[in-house]
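1. Build me a model from this:
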Amino acid sequence: MNDLIEQTLELTFSSKRGMPAHYSSNNDRTQSFCIDFEPLTKEHDYKMAANSWYALEEFLNADQCKEKELTTSQISAITRCGEDIMISSFILTKLGGYSLLSELKEIVTKEVMDLFKEKIDSLETVLKDPQANKYFDHCSRYGFARGIM
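-> As a prediction, this is how the structure comes out:
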C-alpha cells in the first residue's frame, strides 16, 4: 500500500467520534471529525461535517433509497463510510496524493466494512449499492475540493 494512503488511513481511523461528525464536538469545534491534523482548520472541519450530513439526507430521500428500507445500523454505516471517505480525501489531497483518491475510496469502504461486518446485516450489499456510491463519490469530491483550498 502507498505510504500516503497508509498515513491518511492512520489519521482517518484515529478519530474517536462516537456520533456523526455533524453532532460531535472537539474542544471549541461544534462539528468535528475529531482528527488531529494541522491543515484541518475549524472551518474545514465544520463545512465537511455539515456537508456530509446534509448530503446524506439528500441520499436518503432519493426514491431509490426509500424503496430499500434501510435499518438505522445500515444508515449509520453509510454515514460513517461517507464521512471517512470525505475526511480521508481531504487529508490525502493535503498530503499531495490526490491522484490516489479512487484507490483510497475503495480502501476506506473496505475498512468500514471490516469494522462493522459482524454487527450489521447485509453491510457489504448496502455499502456497494449504486446509490450509496453516489453519496461516497460526493464525499470524495467534497473532501478533495476542501483539500485544495
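
2. Contact partners for the residue nearest the centre of the chain?
-> Residue closest to the average C-alpha location in the chain (C-alpha atoms, centre = their mean): Glu83, at 2.1 Å. By C-beta atoms under 8 Å, 6 or more residues apart in numbering, the contact list for Glu83 reads Pro20, Ala21, Phe33, Ala49, Ser52, Cys139. From N, CA and C alone the C-beta is placed, and that goes for glycine too.

3. Recalculate using a threshold of 10 Å.
-> Contact analysis of Glu83 by C-beta atoms under 10 Å, 6 or more residues apart in numbering lists 12, 15, 17, 20-22, 24, 33, 48-49, 51-53, 56, 108, 112, 139, 143.

4. What strand or helix carries it?
-> helix 72-94 (DSSP states H and E).

5. quick revisit: in strands only, show me the contacts of Glu83.
-> Secondary structure defined by DSSP state E assigns none of these to strands.

6. Can you mark which positions in stretch 9-24 are buried?
-> Leu9, Leu11, Thr12, Ser15, Arg17, Pro20, Ala21, His22, Ser24 (16 or more other C-beta atoms under 10 Å).
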